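Undergrad: Requesting a structural model of the entry that follows:
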Amino acid sequence: MHVHFIAIGGSAMHNLAIALSRKGIQVTGSDDEIFEPSKSRLQKQGILPENIGWDESRIHSRLSAVILGMHARADNPELAAAKKLNIPIFSYPEYLYEQSKDKIRVVIGGSHGKTTITSMLLHVMAKLNLEVDYMVGAQLEGYDCMVRLSQTAKYMILEGDEYLSSPLDSRPKFHLYKPHIALLSGIAWDHINVFPTFENYTDQFRQFIRLIEGNGALIYNREDAVLVDLADNSPELKIIPYYTPEFEPTPNGTRVFFEGRQFDLLIFGAHNLQNLMGAMRVAQQMEISPEVFLNAMNDFTGAGKRLQKVAEAPTFVMYKDFAHSPSKLKATTAAVKQQYPNRELVACMELHTYSSLQKHFLPQYNLAMEAADYAIVYYSPEVVAHKKLPTLSNKDVEKGFGGGVQVLTQTAEVLEVIHQHDWKNKVLLMMSSGNFDGINFEDLGQDLISNL
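TA: As a prediction, this is how the structure comes out:
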């Protein structure tokens, strides 16, 4: 087999390319720009394109398939050449399905928690020495590639993103996986550039449920009212609810109480423990008992960039988190305050996504940071302009959050405000899907500790 990637440098695409190469498939690719870490990873695998740019001569009749990334445009010359030669063209999710047709597919979906739940499952599978294929949407510590494809694994765990599949395919990615075991963690409106109304967004999850294989299982968060309605109207499936367990904070994390037993964990926060229960129910469908699962989770510290401890001193701790949606922002802020009730919490978030920078979406953030003692919201007017969105004012942002937040528009201002604080007996929580246009969180944490 010979598979060619158009836009091989993408964060998801390069992982799939590496996985196919490791499986023994001949892989080539092209892109008009390839950044780190994709560039080094492709080079190490020996599949980095020799030249940057599109070249239709790379497309020939000996190709078994072409995989089209989101970065490529519909008028891409290599794509046109592939169509002319009638070479099978797949989107990223379509080809993942092709590679997992003969496996039991486990798809983790929902507006939030997907990466965390997927990483919990992978942690347990690794600890139990159980083979599994997977695709994860974020880089996890200890993995050099976030896609694994084999001839032998019984299960394939797929993080089920609801965003579009490719420039030619407007179907959400998770509609293409056809799971045997599916989990939905919750529904909170996102991607408003594609799903303009909450009803339209919710309908994508309704369709996903319909695409679960016959006699399949739907595991869902019973504390999400929208999911309850969807699940209750799916009688043909095996319906398995999960809930936040009884728990209490400990100095090192959390003690969870389940079926008369207690389990000490390093993670904390109600939303993390909710994710834990969802992952546990998925594992149960994969023939791993709850007790075995929870014992295996005793040293799990979290998924990459998901409530990750950056720096710690006796009277100070700093976390970073990928939180950017209103629901995740609220859950993460509340979780950290619950874990450190006797410390002042300074929460700082960046509006970075297309949805979050829209004036009419901002009211979704109302009271999302109310658990913080001091809240900072940062956005870059340059990013707003780059995304070709209407301008925002600080007053628009403050109003959207319901007041009680300090709105800043320069990275230097964020750092200045942070450095003005006395950090004794305090917690700093930095939340963004970006990096505040250049803040190095690790350096900041060490700098604050050195000035205590």
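Undergrad: tell me which element the most centrally placed residue in the chain is part of?
TA: Geometric centre of the chain, nearest residue: residue 115, 4.5 Å, by C-alpha atoms, centre = their mean. Of the helices and strands defined by DSSP states H and E, residue 115 is found in helix 114-127.
Undergrad: Mind listing the strands the helix or strand that that helix is followed by pairs with, and their directions?
TA: Reading on from helix 114-127 to the C-terminus, the next helix or strand found by DSSP H and E is strand 133-135. Strand pairing for strand 133-135, determined by DSSP bridges: strand 147-148 (antiparallel), strand 155-160 (parallel).
Undergrad: Flag every buried residue along the next helix or strand after the last one.
TA: In this case it means strand 155-160. Downstream of strand 155-160, the next assigned helix or strand under DSSP H and E is strand 164-166. Residues of strand 164-166 classed as buried by neighbour count (16 or more other C-beta atoms under 10 Å): 164-166. Backbone N, C-alpha and C define where each C-beta goes, glycine included.
Undergrad: which one of the residues you listed is nearest residue 416?
TA: residue 164 (39.2 Å; C-beta to C-beta).
Undergrad: Identify all contacting residues around the helix or strand bottoming out on mean pLDDT in the chain.
TA: Using mean pLDDT, DSSP states H and E, the weakest-scoring helix or strand in the chain turns out to be strand 164-166, at a mean of 88. Contacts with strand 164-166, where a contact means C-beta atoms under 8 Å, 6 or more residues apart in numbering, come from 68-70, 72, 91-94, 170-173, 175-176, 194.
Undergrad: Just flag the most distant two among these.
TA: 72 and 175 (20.3 Å).
Undergrad: Show me what the following helix or strand past the least confident helix or strand of the chain is packed up against.
TA: Later in the chain than strand 164-166, the nearest helix or strand by DSSP H and E is strand 169-172. Strand 169-172 sits against strand 164-166, with contacts defined as 3 or more C-beta pairs under 8 Å, 6 or more residues apart in numbering; DSSP states H and E.
Undergrad: If we use 10 Å, what do you get?
TA: strand 89-91, helix 92-99, strand 164-166, helix 198-210 (3 or more C-beta pairs under 10 Å, 6 or more residues apart in numbering; DSSP states H and E).
Undergrad: What residues of the last one count as buried?
TA: With burial defined by 16+ other C-beta under 10 Å, the residues of helix 198-210 counted as buried are 201-202, 204-205, 208-209.
Undergrad: Mean neighbour count, the strands paired with strand 133-135: which tops it?
TA: A comparison of these by mean neighbour count, using mean count of other C-beta atoms under 10 Å, puts strand 155-160 on top with a mean of 25.
Undergrad: Would you mind getting the angle between it and helix 198-210?
TA: Interaxial angle, strand 155-160 versus helix 198-210 (axes from the mean of the first three to the mean of the last three C-alpha atoms, to 10 degrees): 170 degrees.
Undergrad: thinking again about what came up before, okay if I get the strands paired with strand 133-135 as CSV plus mean pLDDT and distance to residue 371?
TA: Putting the strands paired with strand 133-135 into CSV (pLDDT from 0 to 100; distance: least, C-beta to C-beta, whole Å) gives the following:
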stretch, mean pLDDT, distance to residue 371
strand 147-148, 97, 36
strand 155-160, 98, 28
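Undergrad: can you put the ones you listed in JSON lines and add distance to residue 5?
TA: Below are these laid out as JSON lines (distance: least, C-beta to C-beta, whole Å):
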{"stretch": "strand 147-148", "distance to residue 5": "12"}
{"stretch": "strand 155-160", "distance to residue 5": "19"}
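Undergrad: before we move on, back to that, of the buried residues of helix 198-210, which is the nearest to residue 426?
TA: residue 201 (36.9 Å).
Undergrad: care to break the chain down by domain?
TA: Domain segmentation of the chain under automatic domain parsing yields 2-87, 95-299, 308-450.
Undergrad: ok so, going back, closest to residue 418 out of the strands paired with strand 133-135?
TA: Across the strands paired with strand 133-135, closest to residue 418 is strand 155-160 (C-beta to C-beta), at 32.5 Å.
Undergrad: Averaged pLDDT, stretch 215-227. What do you get?
TA: Here stretch 215-227 scores 96 as its mean pLDDT.
Undergrad: end to end, how far does that stretch reach?
TA: 19 Å (C-alpha to C-alpha, to the nearest Å).
Undergrad: Flag every buried residue along that stretch.
TA: In stretch 215-227, counting by 16+ other C-beta under 10 Å, buried: 216-222, 224, 226-227.
Undergrad: Now the two most distant members of the buried residues of helix 198-210.
TA: 201 and 209, at 14.2 Å, using C-beta to C-beta across those.
Undergrad: Tell me which residues touch the residue nearest to residue 313 when sequence neighbours are not counted, please.
TA: In this structure, residue 313 finds its nearest non-sequential neighbour in residue 449, 4.8 Å apart by C-beta to C-beta, 6 or more residues apart in numbering. Going by C-beta atoms under 10 Å, 6 or more residues apart in numbering, residue 449 touches 311-318, 423.
Undergrad: Take those residues and keep only those in strands.
TA: 311-313, 316-318 (DSSP state E).
Undergrad: ok, residue 409 to residue 349 distance?
TA: As judged by C-beta to C-beta, to the nearest Å, residue 409 and residue 349 stand 14 Å apart.
Undergrad: Repeat that for residue 307.
TA: Taking C-beta to C-beta, one finds residue 307 at 13 Å from residue 349.
Undergrad: what about the two, which has more around it?
TA: residue 349 (29 against 25; other C-beta atoms under 10 Å).
Undergrad: mind checking the SS state of that one?
TA: strand (DSSP: H, G, I helix; E, B strand; the rest coil).
Undergrad: That one contacts residue 376, correct?
TA: Yes - here residue 349 reaches residue 376: they are 7.4 Å apart, a contact under C-beta atoms under 10 Å.
Undergrad: since we're on residue 424, how many residues are nearby?
TA: 12.
Undergrad: Quick check, it in contact with residue 315.
TA: Yes - Residue 424 lies in contact with residue 315 (C-beta under 10 Å); the separation is 4.8 Å.
Undergrad: what touches both of these two?
TA: Joint contacts of residue 424 and residue 315 (C-beta under 10 Å, 6+ apart) are 343, 452.
Undergrad: can you map out the helices along the stretch 301-450 of the chain?
TA: Taking DSSP state H, counting those that start in this stretch, the helices of the stretch 301-450 of the chain run over residues 326-339, 381-386, 394-400, 411-420, 441-450.
Undergrad: for the record, mean pLDDT for the shortest one?
TA: In other words, helix 381-386. On average, helix 381-386 scores 94.
Undergrad: same thing with the longest one?
TA: Average pLDDT, helix 326-339: 92.
Undergrad: Mind giving me the packing neighbours of that helix?
TA: Using 3+ C-beta pairs under 10 Å, 6+ apart: helix 326-339 touches strand 246-250, strand 253-258, helix 270-285, strand 316-321, strand 344-350, strand 374-378, strand 426-431.
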